[in-house]
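*Asks:* Following is a predicted model, sequence given first.
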Amino acid sequence: MTAGATRPADAADDATGTGATATDSPNPWVAEHIRRFEETAGQPRPGISDLLLTTRGRRSGLLRRTALAYVRDGEGEGAAYVLTASNAGADRHPAWYLNLAADPAVTLQVGTGTFPAIARRATPAEAERLWPVVVAAMPSYATYRAATDREIPLVLVTRTGA
């Protein structure tokens, strides 16, 4: 799939259940990562946990899909997926973070499974506890934190029963 490409989404891909289509990130690296994710059944980078996140655009109302690394907080199906809104250390939050801040109902694809979920920003205490875990999994996040004056949010995403 090329940058900005859309694909059909079934009800499981769309947290609203409307069967709308998702537009992939316009960033060429991310679009390529999404393509590799799909080709490898969710394992595009050996040794790194990746997922696809679908949010609803805060201005457009359209579904937007991006690829992200994650760590887990907890065990089993109730464990949260921890996402890092680093934007590679840029001085602005990534679009996906702004979208889920406006509408926390999201869809996750982990491996070959797709499910609805709800997102929230980690509390300061959670972030303090989780940052060492995130950096251990992806050391580049320490560099990103040092590169920006903004606080890089951690986001906890949990499966919903919907």
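*Replies:* Thanks, I have the structure now. Numbers count the residues shown, from 1 in each chain.

*Asks:* Please make it C-alpha for all contacts and neighbour counts, starting now.
*Replies:* Fine.

*Asks:* Excluding chain neighbours, what is closest to the spatially most central residue of the chain?
*Replies:* Central residue of the chain (CA atoms, centre = their mean): residue 53, 4.1 Å from the mean position. Closest residue in space to residue 53, ignoring its immediate chain neighbours: residue 108 at 4.9 Å, by CA to CA, 6 or more residues apart in numbering.

*Asks:* try residue 87
*Replies:* residue 94 (5.2 Å).

*Asks:* again with residue 155
*Replies:* residue 121 (4.4 Å).

*Asks:* what's the distance between that neighbour and residue 137?
*Replies:* Distance from residue 121 to residue 137, counting by CA to CA, to the nearest Å: 19 Å.

*Asks:* for the protein, what spans make up the helices?
*Replies:* With DSSP state H, the ranges of helices along the chain come out as 28-39, 95-102, 124-137, 140-147.

*Asks:* just how off-centre is the longest one within its chain?
*Replies:* If I follow you right, that is helix 124-137. 16 Å (CA atoms, centre = their mean, to the nearest Å).

*Asks:* what does the first one give?
*Replies:* Relative to the mean C-alpha coordinate of its chain, helix 28-39 is positioned 13 Å out (CA atoms, centre = their mean).

*Asks:* who does it touch, helix- and strand-wise?
*Replies:* strand 50-56, strand 63-69 (3 or more CA pairs under 8 Å, 6 or more residues apart in numbering; DSSP states H and E).

*Asks:* what's the most buried one of these?
*Replies:* Across the helices and strands packed on helix 28-39, averaging neighbours per residue (mean count of other CA atoms under 10 Å) puts strand 50-56 on top, at a mean of 25.

*Asks:* Output stretch 27-40 in PDB, but only the C-alpha positions, please.
*Replies:* Extracted as PDB, the C-alpha positions of stretch 27-40 are listed here (Å, rounded to 0.1, in the frame of the first residue of the first chain):
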ATOM      1  CA  ASN A  27       4.500   9.600   6.000                       C
ATOM      2  CA  PRO A  28       6.300   7.300   3.500                       C
ATOM      3  CA  TRP A  29       8.300   5.500   6.200                       C
ATOM      4  CA  VAL A  30       5.200   4.800   8.200                       C
ATOM      5  CA  ALA A  31       3.200   3.700   5.100                       C
ATOM      6  CA  GLU A  32       6.000   1.300   4.200                       C
ATOM      7  CA  HIS A  33       6.000   0.000   7.800                       C
ATOM      8  CA  ILE A  34       2.200  -0.600   7.600                       C
ATOM      9  CA  ARG A  35       2.800  -2.500   4.300                       C
ATOM     10  CA  ARG A  36       5.500  -4.700   5.900                       C
ATOM     11  CA  PHE A  37       3.200  -5.200   9.000                       C
ATOM     12  CA  GLU A  38       0.500  -6.600   6.700                       C
ATOM     13  CA  GLU A  39       2.900  -8.800   4.700                       C
ATOM     14  CA  THR A  40       4.500 -10.300   7.800                       C
END
